[in-house]
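Student: Sequence and predicted structure below; questions after.
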Amino acid sequence: MFIKVCGLKTPDDVRVATDAGADAVGFVHNTASVRSIPLEQVAALAALVPAGVASVLVVNDLPVADAIDAARASGVDVLQLHGPGYGREHVARAVASGLRVWRATSLADGDDLRVGAFGEEALLLDSSVPGSGETWDLSGLAEPPHGHWLLAGGLSPVNVADAIRAVRPWGVDVSSGVEVTRGTKGHDLIRTFVAAAREA
């Protein structure tokens with residue numbers, strides 16, 4: 001099970017997530033997000049991520065050219081283009097730049113749910129309100145994607161095992177589900193989430 005912990009803001013967040021066994025850590029750079037941090041901070045945190053763990057820059061309101069520049073400037077491993085604002089041509093442009101690219105969407109966006117359909121390395125399937133912590137009805141996913149896809153949206157240490165058993169994703173992504181207050185990670189929650197996902 002591939003595990004990504006997203007919305008990290010501090011060196012301790014990075015240390016705890018990677019020590020707990022996360023396979024990827026995400027840093028948000030969106031103007032409307034409570035988890036957004038400046039690119040300088042993203043770069044400083046990405047430099048702390050150990051080898052073998054992917055650092056991911058998550059954007060949803062940057063023009064794709066700016067997103068590409070931001071990923072390069074911050075030194076992350078992966079650019080995650082999140083939401084309906086990024087279509088096939090945007091993902092293809094990011095891929096053509098030489099970056100590793102993940103595409104994040106939801107059932108509400110009506111996008112192609114085939115992994116790699118837009119040229120991305122991995123697909124993240126989120127709730128219709130990303131970062132809200134809202135759970136969504138997994139029964140609406142009549143045919144789960146195949147390949148490298150991550151389930152996100154409303155996951156927590158309490159429900160991640162059931163969600164994994166329900167739809168058998170390649171990986172899971174958590175942000176609000178491991179927060180003690182909105183935008184602030186709880187380190188014990190991160191450890192518990194990673195353990196629960198691994199056990200499932």
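Tutor: Looks like it came in fine. Numbering: from 1, shown residues only.
Student: so how far is Ala44 from the closest residue to Val64 other than its chain neighbours?
Tutor: Excluding its sequence neighbours, the residue lying closest to Val64 (CB to CB, 6 or more residues apart in numbering) is His90, at 4.2 Å. C-beta here means a position set from N, CA and C on the backbone, and glycine is covered the same way. From His90 across to Ala44, the span is 27 Å (CB to CB, to the nearest Å).
Student: Report the contact partners of the residue nearest to Leu151 when sequence neighbours are not counted.
Tutor: Closest residue in space to Leu151, ignoring its immediate chain neighbours: Pro169 at 4.0 Å, by CB to CB, 6+ apart. Shown in contact with Pro169 (CB atoms under 8 Å, 6 or more residues apart in numbering): Leu125, Pro144, Trp149, Leu150, Leu151, Ala163.
Student: returning to what we had before: among His90 and Ala44, which residue is more densely surrounded?
Tutor: Using other CB atoms under 10 Å as the criterion, His90 and Ala44 rank with His90 on top: 19 against 16.
Student: could you pull out the strands for this protein?
Tutor: Secondary structure of the chain (DSSP state E): strands located at 2-5, 24-28, 54-59, 78-82, 100-106, 122-126, 149-151, 171-174, 179-181, 184-185.
Student: With distance to Pro11 added, can I get these in TSV?
Tutor: Output for the strands of the chain, formatted as TSV (distance: least, CB to CB, whole Å):
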stretch	distance to Pro11
strand 2-5	14
strand 24-28	11
strand 54-59	13
strand 78-82	20
strand 100-106	24
strand 122-126	25
strand 149-151	24
strand 171-174	19
strand 179-181	17
strand 184-185	12
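Student: Of all those, which one is nearest Thr18?
Tutor: Checking the strands of the chain against Thr18 by CB to CB gives strand 24-28 as the closest, at 6.6 Å.
Student: Done for today, thanks.
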